[in-house]
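S.K.: Make a model of this:
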Amino acid sequence: MTGTTTPPARQRTGRAWMILALACACQFMVILDSSIVNLALPSIGGELGFTPTGLAWVVNGYLLTFGGFMLLGGRAADLFGPRRMLVAGLVAFSVSSLAGGLAAAPEVLVAARVAQGIGAAMMAPATLAVINTSFTGPAARAKAFGAWSASGG
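M.R.: Here you go, the predicted structure:
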């Protein structure tokens, strides 16, 4: 045997698993934010004076922009780097969440939810790309994608 086989790449276990924890937390926030607002709709409608049609935009503003911009977010992650897009999406998502929490008018809340959807569309594909590049071994990658999927469920 000539010894031409290369040993399997070693994982940077501590750092890689911290990256996985961040990616799972981001995925959890994206999925949670799409559904948790439904519980608060009655109080949101009463306190901010939404009409029933306007109240639907609190949910739809997020979901439409999230779904509509996800391909663009994935392409941006390809062009600018997944970690950079993950951080940018997390910042956009967090700032718009704060704006939505402080909203005193219906228009401000809907605009904040639209901005949250854009931030989520930047984060979701970037989390997958970060996991894919951080875990090179098949077993570790399978565990990482399993944890990411479970955090969305």
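S.K.: Any regions of the protein where pLDDT drops low?
M.R.: For the chain, the stretches flagged by pLDDT under 70 are 1-13.
S.K.: what does the helix or strand hosting Glu47 contact?
M.R.: Assessed by DSSP states H and E, Glu47 sits inside helix 37-48. For helix 37-48, the external contacting residues (CB atoms under 8 Å, 6 or more residues apart in numbering) are 50, 52, 55, 58-59, 62, 103-106, 109, 113. C-beta coordinates here come from the backbone N, C-alpha and C atoms, glycine included.
S.K.: quick check, nearest of these to Gly153?
M.R.: Lowest distance from Gly153 to the contacts of helix 37-48 (CB to CB) belongs to Tyr62, with 19.2 Å.
S.K.: In contact with the closest one: list those residues for me.
M.R.: Listed by CB under 8 Å, 6+ apart, the contact partners of Tyr62 are 33-34, 37, 113-114, 116-117, 120.
S.K.: Figure out how far the helix or strand that contains it is from the centre of its chain.
M.R.: Using DSSP H and E, Tyr62 falls within helix 52-80. Using CA atoms, centre = their mean, to the nearest Å, the mean C-alpha position of helix 52-80 is found 11 Å from that of the whole chain.
S.K.: ditto for stretch 135-144
M.R.: Once both centres are worked out by CA atoms, centre = their mean, stretch 135-144 turns out to sit 21 Å from its chain's centre.
S.K.: still on that earlier bit, between the contacts of Tyr62, which is closest to Leu79?
M.R.: Closest to Leu79 out of the contacts of Tyr62 is Ala120 (18.8 Å), distances taken as CB to CB.
S.K.: those strands in this protein, which residues are they?
M.R.: Counting by DSSP state E, one finds no strands in the chain.
S.K.: Helices of the chain, start to end?
M.R.: With DSSP state H as the criterion, the chain has helices at 13-35, 37-48, 52-80, 82-101, 106-134, 138-152.
S.K.: Can you tell me which of these is packed in deepest?
M.R.: Of all the helices of the chain, helix 106-134 carries the top mean neighbour count, a mean of 22, counting by mean count of other CB atoms under 10 Å.
S.K.: what helices or strands is it leaning on?
M.R.: Judged by 3 or more CB pairs under 8 Å, 6 or more residues apart in numbering; DSSP states H and E, helix 106-134 is in contact with helix 13-35, helix 37-48, helix 52-80, helix 82-101, helix 138-152.
S.K.: orientation of the first one relative to helix 82-101 in degrees?
M.R.: Here helix 13-35 points in a direction 40 degrees away from that of helix 82-101 (axes from the mean of the first three to the mean of the last three CA atoms, to 10 degrees).
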